[in-house]
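1. generate a structure from the sequence data that follows.
(one chain, ligands or ions: 1)
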Amino acid sequence: MEELWYSPHMAAASRAISERIPLVDLIVELRDARIPLSSELEILRNYPTSSRHIVVLNKMDLADRSKSQEWMKYLRERNFISYGVNSHNKENIKKFLSFIQTQVRGLKRTDHSSDTATVMLVGIPNVGKSAVANSLHKIGRISAAEKGKLKHAIVSPEPGETRDIRSFKIASHPNIYVLDTPGILPPRIPDVDVCSKLILTGAINDCLIEIKELAQYFLAIFNCSEQYKNWENLSTKDNDKLFLDCTTECLTSSKMHMKQRRQSPTDHTQDCIVRDVRRTLFETISAFDGNTRDEEEMAELISRQFSALQEAFQVSNECQEEANVKVAKKLLNLFRTGRLGHYTLDLLPSNIH
Ligand SMILES: Nc1nc2c(ncn2[C@@H]2O[C@H](COP(=O)(O)OP(=O)(O)OP(=O)(O)O)[C@@H](O)[C@H]2O)c(=O)[nH]1
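-> This is a model prediction of the structure:
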């Protein structure tokens with residue numbers, strides 16, 4: 001694919017970030033833990049490894065835990081300082097903040113230039129730079145017991161939300177400021193597979209391709225993974241029992257919900273739908289006796305899954321094309337929020353044949 005995402009704004013941001021790279025104390029390159037290689041920042045690819053450059057895998061909660069460990073090991077073996085984080089987890093961020101402080105103190109021991117350090121967060125769109133900046137700022141201010149208004153970077157599931165470089169204070173003694181920057185991508189991504197992964201994980205806006213194709217791409221990955229085996233307990237031949245179980249669970253949950261006023265009224269219906277979707281995926285794969293390595297047979301399985309998922313998502317039957325789009329959107333939403341399991345989509349280079 002070419003240039004569809006590369007706006008003049010992204011070009012300007014790329015230049016501004018490149019100009020600042022030599023000026024900041026620490027460069028924290030955020031990557032998506034689900035795609036540790038495909039989310040590499042191109043402008044840093046040929047940058048010599050140094051103690052000023054840290055590769056951070058964010059969204060660890062969405063990735064396969066053991067594969068993330070392998071990726072971190074792989075990066076360390078290539079002399080990168082690497083770190084894994086889930087920016088929504090306070091404890092994770094606390095540890096990450098003290099890790100940054102240690103790195104900064106290490107740098108300041110050799111370079112006595114000033115008592116203030118600047119850490120620049122860089123990365124492709126939607127990897128969580130603003131979420132990390134906000135969390136570090138919040139935790140840093142609390143532990144320093146500093147007064148004053150908290151600043152807030154806009155966090156959004158849509159890529160390209162951050163438009164300017166902004167600074168957030170995250171620590172005192174020494175003072176550390178973190179720079180949140182706009183997400184950047186190269187103008188061309190020749191590898192179609194990399195491009196598909198970037199769209200699937202949300203770095204590139206999915207309106208640039210057919211949403212149904214993207215969901216099919218996800219299903220192909222899912223069908224080759226072992227994830228469905230975790231949902232065996234959801235399957236039962238006695239569908240009435242399952243229906244009753246689910247309905248009872250929904251009713252019980254609804255009663256509990258009455259007591260929990262802060263919870264969204266749709267949460268429990270959502271839980272039942274997620275459960276139905278998992279069961280449907282388990283049953284469609286289990287009932288499939290074809291070969292998932294054969295393209296046509298895989299396409300046949302995916303087509304069956306689309307029909308079965310329409311029911312699981314409770315999508316009405318009016319227009320088939322519209323129904324497919326709705327199913328695709330709902331399925332991708334579940335994948336992106338981690339409710340269909342944990343995936344690391346990039347293979348370690350040693351596993352690529
Ligand atoms: N599950 C999970 N979601 C995360 C994590 N960090 C960020 N997100 C979500 O990812 C989406 C993108 O986060 P942002 O902080 O806006 O990403 P960004 O890199 O600043 O995005 P751009 O402005 O496009 O450069 C939001 O929906 C966040 O809530 C994480 O560690 N785990």
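
2. contacts, neighbours, all on C-alpha from now
-> Fine.

3. out of everything not next to it in sequence, what's closest to the residue nearest the centre of the chain?
-> If you average the C-alpha coordinates of the chain and look for the closest C-alpha using CA atoms, centre = their mean, you land on K59, 4.9 Å from that point. Closest residue to K59 apart from its sequence neighbours, by CA to CA, 6 or more residues apart in numbering: N86 at 4.9 Å.

4. break this protein down into its domains, please.
-> According to the TED database, the chain is divided into the following domains: 8-180, 210-249+267-337.

5. and among these, the most buried is which?
-> Mean neighbours per residue, mean count of other CA atoms under 10 Å, is largest over the domains of the chain for domain 8-180, with a mean of 18.

6. now do that one: distance from first to last residue.
-> Across its full length, domain 8-180 reaches 19 Å between end residues, using CA to CA, to the nearest Å.

7. anything in that domain near the ligand?
-> Yes. Remark: domain 8-180 sits within contact range of the ligand at 58-59, 61-62, 86-88, 125-131, 155-157, 159-162, by CA under 6 Å from any ligand atom.

8. could I get the average pLDDT for that domain?
-> Confidence for domain 8-180, expressed as mean pLDDT, is 92.

9. just to revisit the earlier point, mind listing what the residue nearest to the centre of the chain touches?
-> Listed by CA atoms under 8 Å, 6 or more residues apart in numbering, the contact partners of K59 are D32, A33, R34, V85, N86, S87, V127, G128.

10. how about these in a markdown table, adding secondary structure?
-> Formatted as a markdown table, the entries for the contacts of K59 read as follows, by DSSP: H, G, I helix; E, B strand; the rest coil:
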| residue | secondary structure |
| --- | --- |
| D32 | strand |
| A33 | coil |
| R34 | coil |
| V85 | coil |
| N86 | coil |
| S87 | coil |
| V127 | coil |
| G128 | coil |
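
11. state the pair within these that is farthest apart.
-> In those, two members sit farther apart than any others by CA to CA. They are R34 and S87, at 14.4 Å.

12. over in the stretch 201-350 of the chain, which residue gets nearest the ligand? Let me know.
-> Ranking the residues of the stretch 201-350 of the chain by distance to the ligand (CA to the nearest ligand atom) places T337 first, at 6.0 Å.

13. what's the closest non-adjacent residue to that residue?
-> Leaving aside its sequence neighbours, T337 sits nearest to L62 (CA to CA, 6+ apart; 7.6 Å).

14. surely V325 meets K212?
-> Yes. A contact is recorded between V325 and K212 when judged using CA atoms under 8 Å, the distance being 5.8 Å.

15. look up how far the ligand lies from K151.
-> Separation of K151 from the ligand (CA to the nearest ligand atom, to the nearest Å): 14 Å.

16. no no, L44
-> Shown here: L44 relative to the ligand, a distance of 16 Å by CA to the nearest ligand atom.

17. so L347 belongs to a strand, correct?
-> No. Assessed by three-state DSSP, L347 does not belong to a strand; its assignment is coil.

18. which SSE is immediately downstream of the helix or strand in which K169 is found?
-> In the assignment (DSSP states H and E), K169 maps to strand 166-171. The first helix or strand that comes after strand 166-171 along the chain, using DSSP H and E, is strand 175-180.

19. just want the angle from that next one to strand 166-171.
-> Inter-element angle recorded for strand 175-180 and strand 166-171: 150 degrees (by axes from the mean of the first three to the mean of the last three CA atoms, to 10 degrees).
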